[in-house]
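Student: sequence? don't have it. structure:
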């Protein structure tokens with residue numbers, strides 16, 4: 001099998017790994033983003049962003065052909081959109097994770113790359129302007145430490161033999177050693193390890209051969225310890241990489257409260273940059289093949305809530321969990337909080353501090369900064385003033401005062 005066919009074979013299931021994917025919001029009937037935008041309102045800028053990214057790839061290669069190779073648009077830590085090759089060093093695996101298409105014993109065609117082969121394959125795509133960055137993971141054969149060495153070898157070939165200076169995201173394998181984690185951090189812009197579940201009990205229902213604390217959480221602790229105790233100049237391009245993780249949503253009976261409790265703890269304890277959530281989809285010939293697929297709206301509400309915890313100053317106890325420990329699917333969690341707390345106590349835009357402004361639907365971190373800067377120059381009196389600052393005024397209007405008065409709602413603003 002040639003290299004291109006190998007990439008195509010691996011890519012069939014790489015959609016289960018959503019890390020860094022840039023996807024337009026789903027649907028247009030529910031409210032959407034953490035700052036109170038609707039999914040409909042954000043669809044246009046998402047589509048425009050994808051169009052602006054298109055010139056970076058070879059015009060002769062269609063989006064379908066790029067996806068077939070494992071290339072998708074991705075949002076980088078700094079916000080830039082690039083074409084990212086997401087692939088595996090091997091799709092063979094000795095672990096028996098119940099949800100995974102690559103699990104041991106499943107009957108399908110496996111492929112394996114040598115480190116030099118993978119590095120050359122990516123560089124060929126990069127030179128052809130098909131892919132700009134690499135996201136590299138792997139199945140596990142003969143232990144996680146052995147596979148980690150091979151992942152590191154790919155990055156070393158790219159960095160030091162082939163001179164690639166662009167974006168690399170390396171997976172940390174369960175069973176990797178501390179020295180391997182440190183070496184990966186010297187080569188990559190981002191490293192990650194998938195927890196898959198929020199705690200030991202839930203992980204046992206998904207991946208019984210994985211150890212939650214020793215194999216999965218411990219590497220994240222090592223990353224943070226290295227970032228804290230060693231100079232950043234030792235990292236790639238003089239910076240230590242950011243870290244992320246991923247959870248399978250709906251595969252083990254876990255609640256949203258469990259998932260977000262773990263996410264909040266990781267933000268605080270190991271400075272996790274982001275948690276990714278992957279709605280469970282049954283895979284044939286796996287122990288969970290008869291389990292129903294999870295609704296993507298649950299995944300969407302988890303993303304919104306995780307951003308509220310990370311960027312908006314919300315605490316876990318402020319999120320609108322049901323008695324069963326899940327988020328309602330029919331309402332944006334920030335809007336739900338505002339309806340309960342701001343409807344009778346609206347926020348005075350001209351006096352509120354940044355943290356209070358962030359509680360208002362329609363105002364995100366950039367909008368809050370713009371409001372603070374603008375009101376140092378003049379009093380904000382009209383919804384048009386806020387609209388000019390990037391505030392989604394339809395969302396904000398029910399929960400604010402402008403110079404002591406509820407804003408006049410003019411149809412021309414909608």
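Tutor: Yes, it's here. Keep in mind that this is a model prediction, so the values were computed, not measured.
Student: and residue 338, what element?
Tutor: Element membership of residue 338, judged by DSSP states H and E, is helix 333-341.
Student: so how far is that helix from its chain's centroid?
Tutor: Distance of helix 333-341 from its chain centroid, counting by C-alpha atoms, centre = their mean, to the nearest Å, is 24 Å.
Student: Next secondary structure element downstream of the helix or strand of the chain with the lowest mean pLDDT?
Tutor: Using mean pLDDT, DSSP states H and E, helix 39-53 stands out as the lowest-scoring helix or strand of the chain, at a mean of 36. Note on helix 39-53: by DSSP H and E, the next helix or strand toward the C-terminus is helix 63-69.
Student: Can you give the distance of that next one from its chain's centre?
Tutor: Per C-alpha atoms, centre = their mean, the centroid offset for helix 63-69 relative to its chain is 21 Å.
Student: Past that helix, which element shows up next along the chain?
Tutor: Following helix 63-69 toward the C-terminus (DSSP H and E): strand 71-75.
Student: Please name every helix or strand in contact with the helix or strand following that following strand.
Tutor: Next helix or strand after strand 71-75 toward the C-terminus (DSSP H and E): strand 81-88. If contacts are counted by 3 or more C-beta pairs under 8 Å, 6 or more residues apart in numbering; DSSP states H and E, strand 81-88 sits against helix 3-11, helix 39-53, strand 71-75, helix 115-127, strand 133-137. Glycine gets a C-beta too; all of them are placed from N, C-alpha and C.
Student: Can you give me the domain assignment for the chain?
Tutor: Following automatic domain parsing, one finds the domains of the chain at 3-318, 342-413.
Student: where's the closest residue to residue 365 other than its chain neighbours relative to residue 303, distance?
Tutor: Residue nearest to residue 365 in three dimensions, not counting chain neighbours: residue 311, with 5.9 Å by C-beta to C-beta, 6 or more residues apart in numbering. Distance, residue 311 to residue 303, using C-beta to C-beta, to the nearest Å: 12 Å.
Student: if you count what's nearby, which of these two comes out ahead?
Tutor: Applying other C-beta atoms under 10 Å to residue 311 and residue 303 shows that residue 303 carries more neighbours, namely 18 against 14.
Student: Could you verify my assumption that residue 302 touches residue 277?
Tutor: Yes. Counting by C-beta atoms under 8 Å, residue 302 sits close enough to residue 277 to count as a contact (4.6 Å).
Student: Spit out the residues that contact these two alike.
Tutor: Residues touching both residue 302 and residue 277 (C-beta atoms under 8 Å, 6 or more residues apart in numbering) are 249, 259.
Student: need the contact list for residue 154.
Tutor: Residue 154 neighbours (C-beta under 8 Å, 6+ apart): 89, 115, 118, 119, 136.
Student: What of residue 168?
Tutor: 133, 134, 136, 155, 158, 159, 187, 188, 189, 190, 236.
Student: May I have the predicted confidence score for the nearest residue to it once chain neighbours are set aside?
Tutor: Closest residue to residue 168 apart from its sequence neighbours, by C-beta to C-beta, 6+ apart: residue 188 at 4.7 Å. Per-residue pLDDT puts residue 188 at 98.
Student: circling back to that earlier point, quick one: which of the contacts of residue 154 is nearest residue 273?
Tutor: residue 136 (17.8 Å; C-beta to C-beta).
Student: pLDDT at the closest one, what is it?
Tutor: At residue 136, pLDDT is 97.
Student: again with the one 5 residues further on
Tutor: pLDDT, the model's per-residue confidence, is 95 for residue 141.
Student: my read is it is in a helix, agree?
Tutor: No. Under DSSP: H, G, I helix; E, B strand; the rest coil, residue 141 sits outside any helix and is assigned coil.
Student: what's near enough to touch the closest residue in space to it that isn't next to it in sequence?
Tutor: Sequence neighbours aside, residue 92 is the residue nearest to residue 141 in space, at 5.3 Å (criterion: C-beta to C-beta, 6+ apart). For residue 92, the contact set (C-beta under 8 Å, 6+ apart) comprises 102, 110, 112, 139, 141.
Student: If we use 10 Å, what do you get?
Tutor: 102, 104, 110, 111, 112, 138, 139, 140, 141, 147 (C-beta atoms under 10 Å, 6 or more residues apart in numbering).
Student: for residue 355, same thing?
Tutor: 312, 313, 314, 368.
Student: Then residue 314?
Tutor: Neighbouring residues of residue 314 by C-beta under 10 Å, 6+ apart: 34, 264, 305, 307, 308, 333, 334, 337, 355, 358, 359.
Student: Tell me which of the domains of the chain sits nearest to residue 327.
Tutor: Nearest to residue 327 among the domains of the chain is domain 3-318 (4.4 Å), distances taken as C-beta to C-beta.
Student: How far away from the center of its chain is the closest one?
Tutor: On C-alpha atoms, centre = their mean, the centre of domain 3-318 falls 8 Å from the chain's centre.
Student: Straight-line length of it, end to end?
Tutor: 50 Å (C-alpha to C-alpha, to the nearest Å).
Student: do the same with stretch 65-81
Tutor: Taking C-alpha to C-alpha as the measure, stretch 65-81 stretches 19 Å from start to finish.
Student: now stretch 173-181
Tutor: OK, stretch 173-181 end separation, C-alpha to C-alpha: 9 Å.
Student: pLDDT (mean, whole number) over it?
Tutor: 97.
Student: can you list the residues that contact that stretch?
Tutor: 89, 95, 137-140, 143-152, 170, 172, 183-184, 191, 193-194, 196, 207, 209-212, 214-216, 218-223, 225-226.
Student: Emit the ChimeraX select command for whichever of those residues are buried.
Tutor: Buried residues within the contacts of stretch 173-181, by 16 or more other C-beta atoms under 10 Å, are selected in ChimeraX with:
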select :89,95,137,138,139,140,144,147,148,149,150,151,152,170,172,183,184,191,193,194,196,207,210,212,215,216,218,219,220,222,223,226
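Student: picking up where we left off before, format the contacts of residue 168 as TSV; extra columns: secondary structure.
Tutor: Below are the contacts of residue 168 laid out as TSV (three-state DSSP):
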residue	secondary structure
133	strand
134	strand
136	strand
155	helix
158	helix
159	helix
187	coil
188	coil
189	coil
190	strand
236	helix
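Student: Do I have it right that residue 76 meets residue 133?
Tutor: Yes. Counting by C-beta atoms under 10 Å, residue 133 is a contact partner of residue 76 at 7.5 Å.
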